[in-house]
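Asks: okay, predicted coordinates and the sequence, questions at the end:
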Amino acid sequence: MAVEFATMLKPVYALVGPDPFLQTQELVKLGKELPPDAAKLDLDGEKADLADVLDELRSFAMFGGGKMVVVREADDFLSNYREQLEKYVASPSNSATLVLRLSSLPANQKIHKLIAKVGEVIKCEPPSTAQLPGWIASRAKSEYQAAIAPDATRLLADLIGDDLGRLDTELAKLSLQVEAGKPIGVELIKGSVAFQREQEMRDLTAALAVGRTAEAVKRWRQLLQSDSSAEFRAVTWLAMWLEDVRDFLASPNSFKNSWKYKDDLPKFKQTAQAIGNRNVGRLVDMLVDVDRQSKSGVGDFAGNVERFLVSVGA
């Protein structure tokens, strides 16, 4: 006979989305609903065997406090055992909670409907580019009781992007550094050595964005002398700039990242139009080759990046 345990949790949850930080946050919330003596298991979905997972769900916890079984990277696990999992979710154990961490789960699938009926499907979608500054401000206030100036939220979003885990880490640091009663401002962010390096890389791509290739090459050489880690971040920043070029060329009248370029927006548009769809594809392929060569030790990575920069203005 199954034994129920005192908890607010439902028998099955699906945490769905590409962002591991958001999934982890939801998992923490679920964990708070467990009794203190509950057992918690975390299994790798790429290696987990269905029989072992079901045995854990159907067996009693040693101290009677219930059990949570989390299957991370569970997309392949679900694909491999879909029919069996559908049967389990239709009649789940009432002494344990199954949590599936998935990158996607279409709403028209049977398993989605079954989970929604007995448990919950929780979306873990990161904010859009336009929503990101708002997310930063909300996170600073809710988690660190810190206010942050609007221009500072935009700077963080620009420098870090939608890496929510890193954004959260930086907000934690900044909240400890800011003076009591004052908001986190641009100057505090710029005073960080790490952010100074990100700003330098941003300035390099900004020079490219407005057609100043020679300046971009000069900045690259200066970066190599002052920052040994520049090589590891160059491809990421250059790829983000090329993505902006592609987005603009695809939708000139609704370019979502226009705020990044501020007063230089007309020059950015002129540069992007000069590159054109055909050349932006060539540049993407070239950057992929630069990245591949760096990881395989082929050629001089710093030199390869410089040749890429020069080719933008060719």
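Replies: Right, received. Where do you want to start? Numbers count the residues shown, from 1 in each chain.
Asks: can you name the residues in contact with whichever helix or strand residue 242 is part of?
Replies: Using DSSP states H and E, residue 242 sits in helix 230-250. The contact list for helix 230-250 (Cβ atoms under 8 Å, 6 or more residues apart in numbering) reads 161, 197-198, 201-202, 204-205, 208-209, 220, 223-224, 255-257, 260, 268-269, 271-273, 275-277, 280, 283-284, 287, 290-291, 294, 301-302, 305, 308. All C-beta spots, glycine's among them, are computed from the backbone N, C-alpha and C.
Asks: kindly report the same for stretch 279-293.
Replies: Taking Cβ under 8 Å, 6+ apart as the rule, stretch 279-293 contacts 235, 238-239, 242, 245-246, 249, 272, 275, 298-299, 301, 304-305, 308, 311-312.
Asks: now a PyMOL select for only the buried ones of those residues.
Replies: This is the PyMOL syntax for the buried subset of these, where burial follows 16 or more other Cβ atoms under 10 Å:
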select buried, resi 235+238+239+242+245+246+249+272+275+301+304+305+308+312
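Asks: for residue 184, grab phi and psi.
Replies: phi -70, psi 120 (degrees, to the nearest 10).
Asks: right, and it touches residue 150 too?
Replies: No: look at residue 184 against residue 150 with Cβ atoms under 8 Å: they stay out of range, at 10.9 Å.
Asks: compare neighbour counts for those two and give me the winner.
Replies: residue 184 (25 against 13; other Cβ atoms under 10 Å).
Asks: OK, contacts around that one?
Replies: 140, 146, 147, 148, 149, 152, 171, 174, 175, 178.
Asks: if I look at it, how far off is residue 145?
Replies: Going from residue 184 to residue 145 by Cβ to Cβ, to the nearest Å gives 12 Å.
Asks: any idea how many residues pack against residue 183?
Replies: Counted with other Cβ under 10 Å, residue 183 comes out at 15.
Asks: next, count neighbours for the closest residue to it other than its chain neighbours.
Replies: Excluding the flanking residues, the one nearest residue 183 by Cβ to Cβ, 6 or more residues apart in numbering is residue 147, at 4.0 Å. By the criterion of other Cβ under 10 Å, residue 147 has 16 neighbours.
Asks: and residue 147, how far is that from residue 218?
Replies: 38 Å.
Asks: go on, residue 284?
Replies: Following Cβ to Cβ, the distance that separates residue 284 from residue 218 is 24 Å.
Asks: so the residue nearest to residue 183 sits against residue 141, correct?
Replies: Yes: with contact defined as Cβ under 8 Å, residue 147 counts as touching residue 141 (6.7 Å).
Asks: quick revisit: go through whichever helix or strand comes after the helix holding residue 242 and flag the buried ones.
Replies: Going down the chain from helix 230-250, the next helix or strand is helix 265-296, by DSSP H and E. Under the neighbour-count criterion of 16+ other Cβ under 10 Å, helix 265-296 has 265, 268-269, 271-272, 275, 280, 283-284, 286-287, 290-291, 294 buried.
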